[in-house]
Structures are given as C-alpha cells and as structure tokens.
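**Student:** what would the 3D arrangement of this be:
(one chain, ligands or ions: 1)
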Amino acid sequence: MTFIIPPDAERVVEIRKLWTVFRSPDGDQVVHRDLDLTIVRGEVLSLVGGSGTGKTVLLRQILGLEHPTKGEVTVLGHAPARLSAMGAANVGMLFQHGALFSAFSVLDNIAFPLRELKLLPDDLIRDAALVKLQMVGLSPQQATKSPSDLSGGMIKRVALARALIMDPPLLLLDEPTAGLDPESADGFCDLLRGLHRELGLTVVMITHDLDTLFDLSSRIAVLADQKVIVSGTTRDVIAYPHPFIHEYFLGGRGQRAMEALHEGAASRPVPLSER
Ligand SMILES: Nc1ncnc2c1ncn2[C@@H]1O[C@H](COP(=O)(O)OP(=O)(O)OP(=O)(O)O)[C@@H](O)[C@H]1O
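**Tutor:** Purely as a prediction, here's the structure:
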C-alpha cells in the first residue's frame, strides 16, 4: 500500500504534473516527466533514487532555483519564485557541502540571510545568530572562528544554523550526513531529529546513506523513470517491484541496513499516523 494523505493534513509542498526539461544543442534532457508529490506538514520525507534521477533538481524546484517546464510547484500555496523575496523565511536549505562563505566568521555566515534583508539592527541580528549557534549544539566561543578552522560536522551545524536563521517551517537537506564519520553522522541525525520535533519542521531530505534514511524518515519517496514511482514507509517501498528498489534495499548494503533496522525498533521509520 502506498502513502495516502490524511484528509486533515496541511499540504506544505504540492508538485503536480511536473516536467523539468534541460535543453541543449545535443538534444533535450527530460529529468522529470509528469511527476506528482505532496509533502504534508510535520513529515520527514526522504528522496532516494539512482544517480542523476533528478533529486537535487527537485529540491531546486521547491526552492524556486529551477522553474517547471510544465506543471506546477507550490510551497505554502505559492509558486516558489513568488516567495523569493521572503524565500529564506519559508524554506531553509542545507546544501551538500555546507556552502559557507570562507571569508566570513561562523556568526556572520549564520547571520547572512537576515543581514541581506536589511530589516533589523545589527545587535538583534547578532543575538538571533547566537541563539541559532547554540540551537545546533555549538558554543558562543565558536562564533568568531573561520570555516577553515571547523571540522566537517561543525560546518554542517553552522550551515544548518544559517538555514534556520529565519525560522522557516520547511527545511530542505541535501545529503546532510555525506562526508561525516559515523559518530558525527549519528550526532547530526540526533540534532536533526530533536530540531524537527522541537520546531515542528517539515523536512525534505536527499540521502544516499541508509542509516540516515532509516533513522530520520517518516516517509520515503523513490525517484525513477523521471517520476516518483512509490512513496510510503520502508515496507511500502520495498514491496514495490522495481529494479532500482530491489538493488537499493535488497542488495548487500541494503540488507545490512535492513538487519540493523530490525534489530533496533527505535530506528524504524514511524508512519506519520503514529507520530
Ligand atoms: N542546470 C542544469 N542544466 C542542465 N542539466 C542539468 C542541470 N542541473 C541538473 N542537470 C542534469 O539533470 C540530471 C539530474 O540531476 P540531479 O543533480 O538532480 O541528480 P541527482 O538525482 O541529485 O543525482 P546524484 O544522486 O548523483 O546527486 C543530471 O543528468 C544533471 O546533469
């Protein structure tokens, strides 16, 4: 059985019949073809799919950085492009490598989106950035450091603090634990789980890491054949007959992760209805 949207759920992202086509002299590349996806408030939806299946492009559509060739994307009822002035207030984005400004301090990186708005005095912006610094588990002593002085896990935390600076209800994560050692990845998952709960966030995440996938997701959506072929709990998804799903979840790597999943009930994805 695939995911059925509860009738009372608030639809944060609606994607209807989306086509994304990149034109080039060598021919058109159709990345998304009639793709449908609805994301409801409070869920942690993970996008999985083979390399080049359009996961990052889909996040960029939600951010308004790409535009539908055909079809419609709405975030909180508006086209993402229409949110651009206040975009950061509605959608926070954690890019894969953190994407911090190397010439700025930690605090100035976190404060950047608020400073760009030019609406608040500097001392308030500084206070807001310090609150976010502590929210992601870093101490005020880290505020003056340069990104080059930080570990990979700390860079992710600073980038997360920046993504959250304007308290967006929707958070997009591109490979949040990529490049982290297992201990830092576990710590970052714990942080994300806590923030999701405390801030009531809706999260859309791309991950290739099965531990992160099983640890955080309330729903998994699989991209293949230019669309979302199935979405639901791990069980729903695994039951769907498709070569990618078979290889991904039931190949050697997937089997090991599934065994770990069965060993620890706490790491099993919790269907939205049970949260
Ligand atoms: N701006 C662009 N112009 C032309 N082609 C693009 C552009 N952005 C992405 N593509 C192409 O769209 C396809 C999907 O890219 P995307 O980055 O979304 O894949 P992905 O599913 O995130 O892959 P991976 O898991 O390897 O990161 C790729 O073939 C990519 O080369």
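**Student:** now stretch 3-13: mean pLDDT?
**Tutor:** The average of the pLDDT scores along stretch 3-13 is 85.
**Student:** quick one: buried residues of that stretch?
**Tutor:** 3, 9, 12, 13 (16 or more other C-beta atoms under 10 Å). Where C-beta positions appear, they are placed from N, C-alpha and C, glycine not excepted.
**Student:** first to last residue in it, what's the distance?
**Tutor:** With C-alpha to C-alpha, to the nearest Å as the measure, stretch 3-13 spans 15 Å from end to end.
**Student:** got it, and stretch 14-29?
**Tutor:** 23 Å.
**Student:** quick one: secondary structure of the closest residue to residue 200 other than its chain neighbours?
**Tutor:** Distances taken as C-beta to C-beta, 6 or more residues apart in numbering put residue 42 closest to residue 200, at 6.5 Å, once the chain neighbours are dropped. When classified by DSSP: H, G, I helix; E, B strand; the rest coil, residue 42 comes out as coil.
**Student:** okay, strands next: where are they in the chain?
**Tutor:** Ranges of strands within the chain are 11-22, 29-40, 44-49, 70-75, 91-94, 170-174, 202-206, 219-224, 227-232, based on DSSP state E.
**Student:** what does the stretch 101-250 of the chain put close to the ligand?
**Tutor:** If contacts are counted using C-beta under 6 Å from any ligand atom, no residue of the stretch 101-250 of the chain sits beside the ligand.
**Student:** output the below-cut-off pLDDT ranges for the stretch 101-250 of the chain.
**Tutor:** The stretch 101-250 of the chain contains no residues with pLDDT under 70.
**Student:** 90 instead?
**Tutor:** Counting by pLDDT under 90, the stretch 101-250 of the chain shows low-confidence ranges at 102, 113-123, 151-153, 179, 209, 211, 215, 234-235, 249-250.
**Student:** helices along that one, start to end?
**Tutor:** 106-117, 122-135, 152-163, 182-199, 210-216, 234-238, 243-250 (DSSP state H, counting those that start in this stretch).
**Student:** could you dump those to a markdown table with mean neighbour count?
**Tutor:** Converted to a markdown table, the helices of the stretch 101-250 of the chain look like this (neighbours: other C-beta atoms under 10 Å):
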| stretch | mean neighbour count |
| --- | --- |
| helix 106-117 | 20 |
| helix 122-135 | 16 |
| helix 152-163 | 24 |
| helix 182-199 | 16 |
| helix 210-216 | 22 |
| helix 234-238 | 18 |
| helix 243-250 | 16 |
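**Student:** just put the ones you listed in CSV and tack on distance to residue 34.
**Tutor:** Below are the helices of the stretch 101-250 of the chain laid out as CSV (distance: least, C-beta to C-beta, whole Å):
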stretch, distance to residue 34
helix 106-117, 34
helix 122-135, 39
helix 152-163, 30
helix 182-199, 30
helix 210-216, 25
helix 234-238, 20
helix 243-250, 18
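**Student:** so which of these gets nearest residue 223?
**Tutor:** Closest approach to residue 223 among the helices of the stretch 101-250 of the chain (C-beta to C-beta): helix 243-250, 8.9 Å.
**Student:** which residues sit in contact with residue 140?
**Tutor:** 130, 133, 134 (C-beta atoms under 8 Å, 6 or more residues apart in numbering).
**Student:** among these, which one lies nearest to residue 209?
**Tutor:** Closest to residue 209, out of all of the contacts of residue 140 and judged by C-beta to C-beta, is residue 133, at 25.5 Å.
**Student:** hmm, the closest one is touching residue 162, no?
**Tutor:** No. In this structure residue 133 lies outside contact range of residue 162 using C-beta atoms under 8 Å: 9.9 Å.
**Student:** which neighbours do those two have in common?
**Tutor:** Both residue 133 and residue 162 are contacted by residue 110, under the criterion C-beta under 8 Å, 6+ apart.
**Student:** mind putting the contacts of residue 140 into a markdown table with distance to residue 247?
**Tutor:** Formatted as a markdown table, the contacts of residue 140 follow (distance: C-beta to C-beta, whole Å):
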| residue | distance to residue 247 |
| --- | --- |
| 130 | 46 |
| 133 | 41 |
| 134 | 42 |
